[in-house]
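S.K.: Give me coordinates for this.
(2 chains)
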Amino acid sequence: MKIVICIKQVPDTSEIKIDPVTNTLIREGVPSIINPYDLHAIEAGLQIKETKGGKVTVITMGPPQAEEALREAISMGVDEAYLISDRAFAGSDTWATSYTLSKAINKLGYDIVICGKQAIDGDTAQVGPEIAEFLDIPHISYVKKIEEIEDSFIRVQRLMDDGYDVVESTIPVLLTVVKELNIPRLPSLRGKMAAKKASIPRLTKDDLDVKEENIGLKGSPTKVKNIFAPQFKGERKILQGDLEEQVNELIQILKDLKCQ
Amino acid sequence: MPIIIKIEKCTGCGQCTDSCPYSAIEIKKEKAFITEFCNDCRLCLSICPEGAIAEVAYRNEPPLLKDEYRGVLIFAEQRRGQVASVSLELLGVGRKLANDLGVELSAALFGSSEKEAKELIKWGADRVYHVNDPSLDSFNDEPYSQILYELITRYKPEIVLAGATAIGRSFIPRVAGRLKTGLTADCTSLEIDKETRNLLQIRPAFGGNIMATIVCPEHRPQMATVRPRVMKRNIYDPKREGEIITIPIQNIKSRTRVLFSINDSSESFVNLQDAEVIVSGGRGLGNPEGFNMLRQLAQLLGGTVGASRAAVDEGWIPYRHQVGQTGKTVCPKIYIACGISGAVQHLVGMQSSDIIIAINKNPEAPIFNVSTYGIVGDLYEVIPLLIKKLKEAKQ
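M.R.: Below is the predicted model:
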């Protein structure tokens, strides 16, 4: 079974701050991590390999430094990694990203493609299903349990807003996974050694069967028009007096709102 | 559209090189040459004294006839035969957009409920495309993608909206991929740019730390998913009339099959999004036991308990209680924030609540910026007293 896992290197969004003067993101000193959901995708791939045999390949699209994320994946035990990187890919939105990744996946060959549910920097959850569309294979989102897996079919539990569905699909298939699926393993010592030594091939636009007009900024239907700091409007009425008086006023407010 | 140099006209004067804000024009062998850094900003077109810079259409791709696309279409999601509340909210924002554009608002409903099709009209749709087939009662990506794709190519709406729910977020990307158009996830605000008729799609990014306005200027339809509980519904009008077009399905193949659905709402799902009162706790609680106090308060007020990401990350309360960018977006009548400092990631998930009451020790906490009423004080003094007085008032 050939398993391809798509990961993304993201800034740790819980560490991001806004410059109050310029209203821009302060990205300096913000650590880069593997998108947390993608760690569960890697774990899922490794577990499938352990039961069914095969090979686990991890890919990422990004700038040259995204190679760090691939090395980390190798230290967890994946067999090989490819960096999809080219200046021409810069500025890709979800459409162009999915298109480019699908071309790479096609080139590498696959039975199962696994992605994290979403990346924590964009939170779109779109790239997984869109890759499946470009590969013309089915997908199942939010996989929380793999019940059964055979050479040509898979049965999983899909997390929904009000419960879960049991879904079957033919293979090849693309899965997007949620945190409930598994607990990602830590890198082993042997894995860390392998990660240090591994050579990570780079795939550029010339290596992939991509059309110029479909990649990067040009291939992206959506454009960012502007960014701004969130605006909040509160009346900010701070209750005065001692504790007793404040609580009495609060109770009056709740009463006026017919809340008791 | 790409920018090209007409080599025969270019004199290599270099004026374009100096004017390009992206440094994307180089002079090679006395001719200008556009590099991969070009952003299609078109500034150089007016600079060249020889008229040697031109814009050309992509090969193999006829220019999109944007004007062929008219109207707003919402995807009316249903689960177990009942239209989801987010669909009614989509009709609310869709109505406003359609009015601004002077076009019709339609809804696409999949599944066998004819009653729900009529309801959509009363909630504001002018027309409902009802793909009436029991096989669509439960959600399956493959047929849903195929049918919505066909509806869009047939009726050509300029805007397509869906809920940012498990269903919408799973299959709408496939449809956008197939249509080769843009899709903006999780929008919190939608407006029309009157000049261009473009849809301005506003969404949080980087964990809610920043807001971005996204446009899809050259492709149609413009597609977006919208977070539940952010948009307001229209007023229900039982006399409202509209057209229901029933569409039969044919030749739908699916490589996926939904065997059954487990409704888990009773146990492990907290109904935060339907609650009228939410009492939420954050890091300021200091320990998991603090939530017992909040539960008591919530019970007295007929509400439910929420939490900030900090409290969930500490392991004090399960994730399903989390309010915020990576949790649930809520819009209760009353939101009481206890010991929550108010990180942006939390604020984007609760700022549209009708009344926000904040209790926090730190008078500078950002939570007070969104609050209607604030109490600066120790929550372990304020809340027990509040509970005591509420109990007394009940008796």
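
S.K.: Where does B:Ala32 sit: helix, strand or coil?
M.R.: Taken by DSSP: H, G, I helix; E, B strand; the rest coil, the conformation at B:Ala32 corresponds to strand.

S.K.: does it really touch B:Ile5, like I thought?
M.R.: Yes - under the criterion of CB atoms under 8 Å, B:Ala32 is in contact with B:Ile5, at a separation of 4.8 Å. All C-beta atoms are positioned from the backbone trio N, CA, C, and that covers glycine.

S.K.: And for stretch A:143-153, what's in contact with it?
M.R.: A:1, A:44, A:47-48, A:51-52, A:154-159, A:164, A:166, A:168-171, A:175-178, A:180-181 (CB atoms under 8 Å, 6 or more residues apart in numbering or on different chains).

S.K.: B:Phe139 belongs to a helix?
M.R.: No - applying three-state DSSP, one finds B:Phe139 to be coil, outside a helix.

S.K.: State the distance from the nearest residue to it once chain neighbours are set aside to B:Gly111.
M.R.: Nearest residue to B:Phe139, sequence neighbours excluded (CB to CB, 6 or more residues apart in numbering or on different chains): B:Ile167, at 5.0 Å. Relative to B:Gly111, B:Ile167 is positioned 12 Å away (criterion: CB to CB, to the nearest Å).

S.K.: Next: A:Lys211.
M.R.: Here A:Lys211 is placed at a distance of 38 Å from B:Gly111 (CB to CB).

S.K.: swap in B:Pro21?
M.R.: If you go by CB to CB, the gap between B:Pro21 and B:Gly111 works out to 51 Å.

S.K.: who has more neighbours, the two?
M.R.: For B:Pro21 against B:Gly111, the residue with the higher neighbour count under other CB atoms under 10 Å in any protein chain shown is B:Gly111, and the figures read 25 against 9.

S.K.: surely the more buried one meets B:Asp133?
M.R.: Yes - proximity of B:Gly111 to B:Asp133 meets the contact threshold set by CB under 8 Å, at 7.5 Å.

S.K.: which residues touch A:Thr60?
M.R.: Contacts were defined as CB under 8 Å, 6+ apart; by that measure A:Thr60 touches A:6-9, A:66, A:69-70, A:81, A:83-84.

S.K.: What number of residues are in the vicinity of A:Gly241?
M.R.: Counted with other CB under 10 Å, residues neighbouring A:Gly241 total 10.

S.K.: which one is it nearest to, not counting chain neighbours?
M.R.: A:Glu249 (7.3 Å).

S.K.: That neighbour is in contact with A:Leu239, isn't it?
M.R.: Yes - applying CB under 8 Å, one finds A:Glu249 in contact with A:Leu239, separated by 5.2 Å.

S.K.: Neighbour count: these two, which is higher?
M.R.: In this view A:Glu249 and A:Leu239 are compared by other CB under 10 Å, and A:Leu239 has more residues nearby, 19 against 16.

S.K.: residue contacts, the more buried one?
M.R.: Remark: with contacts taken as CB under 8 Å, 6+ apart, A:Leu239 is in contact with A:245-246, A:249-250, B:373-375.

S.K.: farthest-separated two in those?
M.R.: For the contacts of A:Leu239, with distances taken as CB to CB, the pair at the greatest spread is A:Glu245 and B:Gly374 (14.4 Å).

S.K.: Tell me where the chain has helices.
M.R.: With no chain named, the answer covers chain A. All helices of chain A, identified by DSSP state H, fall at A:36-52, A:67-76, A:94-108, A:127-135, A:189-197, A:243-256.

S.K.: My question was about chain B, not that one.
M.R.: The residue ranges that make up the helices of chain B, judged by DSSP H, are B:15-19, B:43-47, B:85-101, B:114-122, B:141-155, B:166-179, B:290-300, B:309-313, B:344-350, B:367-370, B:379-394.

S.K.: Out of the ones you listed, point me to the one whose mean pLDDT is lowest.
M.R.: Per-stretch averages of pLDDT across the helices of chain B put helix B:43-47 at the bottom, with a mean of 79.

S.K.: which residues touch that helix?
M.R.: Counting by CB under 8 Å, 6+ apart, helix B:43-47 makes contact with B:3, B:15-16, B:19-21, B:25, B:53-55, all of which sit outside it.

S.K.: go with 10 Å
M.R.: Contacting residues not belonging to helix B:43-47 are listed as B:3, B:5, B:15-22, B:24-25, B:32, B:34, B:38, B:51-55 [CB atoms under 10 Å, 6 or more residues apart in numbering or on different chains].

S.K.: pull the CA atoms of the worst-scoring helix or strand of chain B on mean pLDDT into CSV?
M.R.: Of the helices and strands making up chain B, the lowest-confidence element is helix B:43-47, at a mean of 79, by mean pLDDT, DSSP states H and E. Output for helix B:43-47, consisting of C-alpha atoms alone and laid out as CSV, is shown next (Å, rounded to 0.1, in the frame of the first residue of the first chain):
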residue,chain,number,x,y,z
LEU,B,43,1.5,49.6,-13.8
CYS,B,44,4.0,49.2,-16.6
LEU,B,45,1.3,49.3,-19.3
SER,B,46,1.0,53.1,-19.0
ILE,B,47,4.7,53.7,-18.4
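
S.K.: Residue ranges in chain A under the pLDDT threshold?
M.R.: Low-confidence regions of chain A, defined here as pLDDT under 70, cover residues A:14-28, A:258-260.

S.K.: Apply 90 and report the result again.
M.R.: A:11-32, A:90-91, A:120-123, A:161-163, A:179-180, A:217, A:223-238, A:240-241, A:243-244, A:251-260 (pLDDT under 90).

S.K.: Give me the most central residue, it.
M.R.: Nearest residue to the geometric centre of chain A (CA atoms, centre = their mean): A:Ala119, 3.2 Å.

S.K.: ok, of the contacts of A:Thr60, which one's closest to B:Ile247?
M.R.: Within the set of the contacts of A:Thr60, A:Cys6 lies nearest B:Ile247; the separation is 35.5 Å, counting by CB to CB.

S.K.: List the residues that contact that closest one.
M.R.: Listed by CB under 10 Å, 6+ apart, the contact set of A:Cys6 reads A:35, A:38, A:41, A:58-61, A:84, A:97-98, A:101-102, A:104-105, A:113-116, A:119, A:127-128, A:131, A:174, A:176.

S.K.: Good, wrapping up.
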